[in-house]
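A.B. asks: got a sequence here, can you build the structure:
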Amino acid sequence: MAHVARIDEDGIVREVHVLNNSDLPDDGAFTPEVEAAANALQHSLGLDGVWKLTSYNGNFRGVYAGIGYKYDSDLDEFVAPEAPEEEVAE
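C.D. replies: Presented below is the predicted three-dimensional model:
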């Protein structure tokens, strides 16, 4: 299975979908051609936006993208949101 994350203009992940490898070229391998095909497939279903491949096993692009994660285009990686700092009682 291939996984794609929809990122908004600020690079925040808004959705993550699973695609059948058989619906993509090269059995869903991590290539620019597969990513372009995944975008075309999502758009054909009425799902607009920019879709980036993400690895469920973390084999590429840093970590598996989750909703609220950020896509860093300079690193070409997904980054987990920072956990809020805990308040310390005095």
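A.B. asks: what residue ranges in this structure score low on pLDDT?
C.D. replies: The chain contains residues with pLDDT under 70 at 87-90.
A.B. asks: all strands for it, in order.
C.D. replies: Using DSSP state E, the strands of the chain run over 2-7, 13-19, 50-54, 70-72, 77-79.
A.B. asks: and the last one, what does it pack onto?
C.D. replies: Counting contacts by 3 or more C-beta pairs under 8 Å, 6 or more residues apart in numbering; DSSP states H and E, strand 77-79 packs against strand 70-72. Every C-beta, even on glycine, is put in place using the N, C-alpha and C of the backbone.
A.B. asks: so which of the strands of the chain is nearest N39?
C.D. replies: Proximity of the strands of the chain to N39 was assessed by C-beta to C-beta; the nearest stretch is strand 50-54, lying at 4.9 Å.
A.B. asks: with only the CA atoms kept, save the closest one in CSV.
C.D. replies: Taking Å, rounded to 0.1, in the frame of the first residue of the first chain, the C-alpha atoms of strand 50-54 are listed here in CSV:
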residue,chain,number,x,y,z
VAL,A,50,-0.8,18.8,-3.0
TRP,A,51,-0.2,15.2,-2.1
LYS,A,52,3.2,13.9,-0.9
LEU,A,53,4.1,10.2,-0.5
THR,A,54,4.9,9.2,3.0
